[in-house]
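Undergrad: Requesting a structural model of the entry that follows:
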Amino acid sequence: MDQSSWLFVLLLRQIALSAFQDLMYHFINENKTWDEAQTFCRKFYTDLATVKNMKELKELERLTEPDGGTDGGTDGGTDVWIGLHQTSDNPKDRNRKWLWSQPEVQFNEAEAEAEWGEGQPNDGGGAQNCVAFHDNNKCKIHCIISKQISCSTESSSSTVMIQERRTWLKAQQFCREHHTDLMSGLDQQRQFQDKYPTRPLNSNYWIGLSRDTWAWSDRSNSSFRNWNSDVNPLNNKCSALRAQGRWESDDCDLKKPFICHGGEFLKIHKTLVRISLSSAVDLNPHDSSVLKQLEDHFRANNLHVKLSWKRGKDGKVFQKQDQV
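TA: Here you go, the predicted structure:
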């Protein structure tokens, strides 16, 4: 019996073509300066990409892989512009903003006021933009000094003390790779105090509090940062995404590909689709693999969709149709 004599009806009665609830990203494989990229994104989408958490960062990484976007992504070594830019080149700028490393934890100025050690905060000896926990108080220290680390975890213990000394950026990278993040927020800080009531005298532990003059192009207040721990983000005014999701500051006049967010696809659409397929075999045992192939096809065309089958009363996706 030839293939055309078998006809199956693919019912997608509840196929949801929907954008991410957070941000929809678009990789643009055209070389532009940061300002030109910003203008392009605001004209055709919403703005240059904002990143709010590690999940969104992973999506940006996927888009820039060689086969990630509709334009084929980058060659694996090319960096791309994102929407973070520096509003001042003065490391002691009075408008620096305090940020917790965990983006879901908001900095509360009133709560933090009572936690500073005597004479803190100050910029003695130069800009002090990273914070360490010292004798139950917070004190500002130069970010490039190596200190012990306090990480947050997903376990019930919540925090963990790491004796190994690292700079603040390397400490943040270590905590994100091996635990969850640097300790962030007063709740975690108090739990750390309860868990480690006795610590070596004059010991300092990095916590996830820092301040900077960086801002997102769309004026959102995301505190998420993922700087390359081997560079100084103050060197230049525009940020670029590089290998392994790390960020570096670069000359804004350099031309690079870039990532936009938003645009018309940000709206949520639901579409019901009925499709007929011809096959020489029963496709029902393979319905999950067929669904995956469809999703891969949409993703290859830079469309982020959630697909689901509408099953018949017999629980099957594909229904045999009378021979035409």
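Undergrad: Downstream of the host helix or strand of residue 194, the next helix or strand is which one?
TA: Assigned by DSSP states H and E, residue 194 falls within helix 186-195. Counting by DSSP H and E, the next helix or strand C-terminal to helix 186-195 is strand 204-212.
Undergrad: Tell me which other helices or strands that following strand touches.
TA: Strand 204-212 sits against strand 97-100, strand 130-134, strand 137-141, strand 147-152, helix 168-178, strand 181-182, with contacts defined as 3 or more Cβ pairs under 8 Å, 6 or more residues apart in numbering; DSSP states H and E. Where you see a C-beta, it was placed from the backbone N, CA and C, and this is true even at glycine.
Undergrad: Outside of the longest one itself, list whatever touches it.
TA: Counting by Cβ atoms under 8 Å, 6 or more residues apart in numbering, the neighbours of helix 168-178 from elsewhere in the structure are 54, 101, 130, 143-144, 147, 149, 151-152, 162, 164, 166, 181-182, 206, 208, 210, 227-229.
Undergrad: picking that back up, can you pull the buried residues of the helix holding residue 194?
TA: For helix 186-195, a neighbour-count test (16 or more other Cβ atoms under 10 Å) marks 188-189, 191-192 as buried.
Undergrad: ok, which pair from the residues you listed is furthest apart?
TA: Across those, no pair lies farther apart than 189 and 191, at 7.3 Å, counting by Cβ to Cβ.
Undergrad: Now stretch 254-267: average pLDDT?
TA: Averaging pLDDT along stretch 254-267 gives 78.
Undergrad: and the gap between residue 95 and residue 227?
TA: Look at residue 95 and residue 227: by Cβ to Cβ, to the nearest Å, they are 20 Å apart.
Undergrad: which residues of the stretch 51-200 of the chain score low on pLDDT?
TA: For the stretch 51-200 of the chain, applying pLDDT under 70 flags the ranges 67-77, 110-114, 116-119, 121, 125, 135-137, 155-157, 200.
Undergrad: returning to what we had before: reformat the buried residues of helix 186-195 as CSV; add distance to residue 27.
TA: Shown next, in CSV, are the buried residues of helix 186-195 (distance: Cβ to Cβ, whole Å):
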residue, distance to residue 27
188, 35
189, 39
191, 40
192, 40
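Undergrad: Residue 44 touches residue 260, doesn't it?
TA: Yes: between residue 44 and residue 260 there is a contact under Cβ atoms under 8 Å: 7.1 Å.
Undergrad: Who has more neighbours out of the two?
TA: residue 260 (27 against 13; other Cβ atoms under 10 Å).
Undergrad: is it true that that one touches residue 49?
TA: Yes: using Cβ under 8 Å, residue 260 is in contact with residue 49, at 6.3 Å.
Undergrad: what touches both of those two?
TA: Contacts common to residue 260 and residue 49, judged by Cβ under 8 Å, 6+ apart, are 25, 41.
Undergrad: which residues of this protein fall in helices?
TA: Assigned helices in the chain, in chain order: 34-44, 54-63, 109-113, 168-178, 186-195, 287-300 (criterion: DSSP state H).
Undergrad: Next up, the contacts around the residue positioned nearest the centre of the chain.
TA: Closest to where the C-alpha atoms of the chain average out (Cα atoms, centre = their mean) is residue 57, at 2.7 Å. Residue 57 makes contact with 51, 224, 226, 245, according to Cβ under 8 Å, 6+ apart.
Undergrad: For ChimeraX, write the select line for the buried members of those.
TA: The buried residues among the contacts of residue 57 can be selected in ChimeraX (16+ other Cβ under 10 Å) with this line:
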select :51,224,226
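Undergrad: Greatest separation within the contacts of residue 57: which pair is it?
TA: The most widely separated members of the contacts of residue 57, counting by Cβ to Cβ, are 224 and 245 (11.3 Å).
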